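Visitor: below is the structure, and that's it, no one-letter string:
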């Protein structure tokens, strides 16, 4: 037992006062006998004995009464069970990812967790609160009440290891109590490794009652017809026993198509046909699961002509003019002697068509062209110098030409996963009319081949940077060396290479994805592009290229939706952003990973346990109660004991 004010115990010396008073009252009296009261002698002796007992009882009660009062004022207490951690700092980690939209017994998991924190956190407790997107250091419940009430779901997934790193970096002389509120969606062993053994974590795992959920995963261009687009919408259903759900397609908030889809099988692809024009809308579904993945925003820009220049002999480029028609392309061919280098910066793609030698000036210009977002196709000449080719291609990546082989080869393998062909074929073709080449260069590259020979050597491959790509053939494709120009592959191959970096396809970007976006616009040096939506606007990271601007959005915008890109007040392009679908499968919660960690059922239980284990037992009240009992006992003795 310890005392908060031990100096008050010196007042125990006052106990000598009632003892002295008592001794004074017990002094001896001289006996006087009277003849008329002699018969009362025996009764008198008995009464005096009773009086002595009463006085001793009163003395004991008064001593105990005074002792209890003095001890009560010194405030005695007993150490708490966990007194060594009484000074620990408290950290609350709250998962506000989209999976916390799931409904539990008392409503949405996140909203219920916030309500418990607001109701059960003591006002005198200081703590730090960390969410997926916000940090509140050294605060209390009054200070963060408004922020908690307005807490929104975060597009950033719950990454426990990143949050634990922040907590560890917050240096302190005290140990840490860490309470983590999460549904464990996406939690894995790697994230748990970052938990500090000296600061053990406790988990509150709110559980969803309804784990069925339907998600719109993606929208992509299926076919481009003369006057229409065929777009495909991919749905995923997580769970079992789904009812058919409605799906609607909107263009600028105007309903243009609606149908009912049965989710059997659980991966479903629907096709819509829309007019071949600019589109700025979304596709949506209605289900009883999570709401964040029920809408997918996307945009289709107005078709722009692609600028292409072919550098080479005119007779070898006739096949290109038949592919790159005036309806979709601005195509021109120049020989090396009459080439205007100033026009190269205005192009979207440049084709080096069997140049015997690539001059150094052209190499330097093309290197800058690719770095600024232009695509390049290299078709080697049979008489080209291997050293000259390799010197040029070293500017773009790890690729090397070897000596020319005068050997006929069949082109037999298509890489259907390569960006050139991933949306060209409905089914994988295994038996087609194989084109061939009579002579070809050996080609070694770390990049996968798009087309391969029968001996697995490369016929066509590509090197890509963050904004452009370089496509390299290993053989001349003129009619004297190859029948590739007569092959059915020639059109989709060159068409897709030309369109690989253009914004004529569907734009449906993912928030948090750092992949650059190229906007076709020519800006002055001091111009700045702004992205604007109905409720949000921001300035992305941007780099001015030749006739394009490279944009990086990182974690912006915060809200999914349809946006537009502006140069001051001038509209440039429509663009759409969506949340990542990593939270859609509610069945991925792995609570077994937490078997080695302490889990509790609620915020209430946590604070009750913390209060019980960390608070010293104050026992001064018991001494006041005993003092009151001794006072009552004294009064009873005075009244009832004769």
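Guide: Cool, got the structure. From a predicted model like this one, the values you see are computed outputs, not experimental measurements.

Visitor: could you pull out the helices for the stretch 501-642 of the chain?
Guide: 603-614, 620-640 (DSSP state H, counting those that start in this stretch).

Visitor: contact partners of the longest one?
Guide: Contacts of helix 620-640 with the rest of the structure, by Cβ atoms under 8 Å, 6 or more residues apart in numbering, involve 54, 57-58, 61-62, 64-65, 68-69, 71-77. For glycine as for every other residue, the C-beta is placed from the backbone atoms N, C-alpha and C.

Visitor: mind running it again at 10 Å?
Guide: Outside helix 620-640, the residues within contact range by Cβ atoms under 10 Å, 6 or more residues apart in numbering are 3-5, 53-55, 57-77.

Visitor: what subset of those is buried?
Guide: 57-76 (16 or more other Cβ atoms under 10 Å).

Visitor: low-confidence ranges in the stretch 451-600 of the chain?
Guide: Along the stretch 451-600 of the chain, the model assigns pLDDT under 70 to residues 501-504, 589-591.

Visitor: how about the strands in it?
Guide: 458-464, 469-473, 506-507, 509-510, 517-520, 529-532, 537-538, 541-544, 548-552, 561-567, 570-578, 598-600 (DSSP state E, counting those that start in this stretch).

Visitor: including distance to residue 99 and mean neighbour count, could those go into a markdown table?
Guide: As requested, those are exported to a markdown table (distance: least, Cβ to Cβ, whole Å; neighbours: other Cβ atoms under 10 Å):
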| stretch | distance to residue 99 | mean neighbour count |
| --- | --- | --- |
| strand 458-464 | 34 | 23 |
| strand 469-473 | 36 | 24 |
| strand 506-507 | 26 | 20 |
| strand 509-510 | 17 | 18 |
| strand 517-520 | 28 | 20 |
| strand 529-532 | 27 | 18 |
| strand 537-538 | 26 | 14 |
| strand 541-544 | 29 | 15 |
| strand 548-552 | 27 | 20 |
| strand 561-567 | 21 | 19 |
| strand 570-578 | 16 | 20 |
| strand 598-600 | 18 | 13 |
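
Visitor: picking up where we left off before, which of the buried ones among the contacts of helix 620-640 fall in helices?
Guide: 57-73 (DSSP state H).

Visitor: quick one, helices of the stretch 351-500 of the chain?
Guide: 360-371, 386-393, 490-499.

Visitor: out of the ones you listed, deepest packed?
Guide: helix 490-499 (a mean of 19; mean count of other Cβ atoms under 10 Å).

Visitor: for that helix, packing partners?
Guide: When contacts are defined as 3 or more Cβ pairs under 10 Å, 6 or more residues apart in numbering; DSSP states H and E, helix 490-499 packs onto strand 306-312, helix 318-323, strand 329-334, strand 349-353, strand 375-379, strand 449-453, strand 458-464, strand 469-473.

Visitor: distance to residue 489 added to these, as JSON lines?
Guide: Shown next, in JSON lines, are the helices and strands packed on helix 490-499 (distance: least, Cβ to Cβ, whole Å):
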{"stretch": "strand 306-312", "distance to residue 489": "19"}
{"stretch": "helix 318-323", "distance to residue 489": "12"}
{"stretch": "strand 329-334", "distance to residue 489": "19"}
{"stretch": "strand 349-353", "distance to residue 489": "17"}
{"stretch": "strand 375-379", "distance to residue 489": "15"}
{"stretch": "strand 449-453", "distance to residue 489": "7"}
{"stretch": "strand 458-464", "distance to residue 489": "9"}
{"stretch": "strand 469-473", "distance to residue 489": "12"}
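
Visitor: what about these, which gets the closest to residue 134?
Guide: The closest of those to residue 134 is strand 458-464. By Cβ to Cβ, the value is 36.2 Å.

Visitor: which strands or helices does the closest one pack on?
Guide: Using 3+ Cβ pairs under 10 Å, 6+ apart: strand 458-464 touches strand 375-379, strand 399-405, strand 409-414, strand 440-445, strand 449-453, strand 469-473, helix 490-499.

Visitor: out of these, which is closest to residue 213?
Guide: Across the helices and strands packed on strand 458-464, closest to residue 213 is helix 490-499 (Cβ to Cβ), at 34.9 Å.

Visitor: got the domain boundaries for the chain?
Guide: Domain assignment for the chain, taken from automatic domain parsing, gives 2-79+618-640, 86-205+595-615, 214-303, 306-499, 506-578.

Visitor: and for the nearest residue to residue 305 once chain neighbours are set aside, the neighbour number?
Guide: Distances taken as Cβ to Cβ, 6 or more residues apart in numbering place residue 330 nearest to residue 305, at 5.1 Å, with adjacent residues excluded. Residue 330 sits with 15 neighbouring residues when counted by other Cβ atoms under 10 Å.

Visitor: contacting residues around residue 330?
Guide: 304-309, 324, 346-348.

Visitor: where does the stretch 51-200 of the chain dip in pLDDT?
Guide: 77-87, 194-200.

Visitor: ok but residue 110 is inside a helix, no?
Guide: Yes - under DSSP: H, G, I helix; E, B strand; the rest coil, residue 110 falls within a helix.

Visitor: could you look up the SS state of the residue lying closest to it once chain neighbours are set aside?
Guide: Nearest residue to residue 110, sequence neighbours excluded (Cβ to Cβ, 6+ apart): residue 100, at 3.8 Å. Following three-state DSSP, residue 100 is assigned to helix.

Visitor: thought residue 100 was touching residue 157?
Guide: No - using Cβ atoms under 10 Å, residue 100 is not in contact with residue 157, being 11.3 Å away.

Visitor: quick one: which of those two has more around it?
Guide: Per other Cβ under 10 Å, whichever of residue 100 and residue 157 has more neighbours is residue 100, with 28 against 18.

Visitor: the stretch 151-300 of the chain: helices as residue ranges?
Guide: Counting by DSSP H, counting those that start in this stretch, the helices of the stretch 151-300 of the chain are 160-169, 189-192.

Visitor: out of those, flag the one nearest residue 531.
Guide: Between these, helix 160-169 lies closest to residue 531; by Cβ to Cβ that is 26.0 Å.

Visitor: and that closest one, how far out from the chain middle?
Guide: On the basis of Cα atoms, centre = their mean, to the nearest Å, helix 160-169 is displaced by 14 Å from the centre of the chain it belongs to.

Visitor: likewise for stretch 359-370?
Guide: Distance, centroid of stretch 359-370 to centroid of chain: 41 Å (Cα atoms, centre = their mean).

Visitor: could you do stretch 582-602 as well?
Guide: 17 Å.

Visitor: distance between the ends of it?
Guide: This stretch, stretch 582-602, spans 26 Å end to end (Cα to Cα, to the nearest Å).

Visitor: so, low pLDDT: which residues of the stretch 201-350 of the chain?
Guide: For the stretch 201-350 of the chain (pLDDT under 70), the answer is none.

Visitor: hang on, the earlier thing: same list, the helices of the stretch 351-500 of the chain, but as JSON lines with distance to residue 227 please.
Guide: Shown next, in JSON lines, are those (distance: least, Cβ to Cβ, whole Å):
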{"stretch": "helix 360-371", "distance to residue 227": "34"}
{"stretch": "helix 386-393", "distance to residue 227": "41"}
{"stretch": "helix 490-499", "distance to residue 227": "18"}
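
Visitor: nearest to residue 377, of the ones you listed?
Guide: helix 490-499 (6.0 Å).

Visitor: what sits against residue 603?
Guide: Residue 603 neighbours (Cβ under 10 Å, 6+ apart): 92, 112-121, 179, 181, 204.

Visitor: let's see 6 Å
Guide: 116-117, 120 (Cβ atoms under 6 Å, 6 or more residues apart in numbering).
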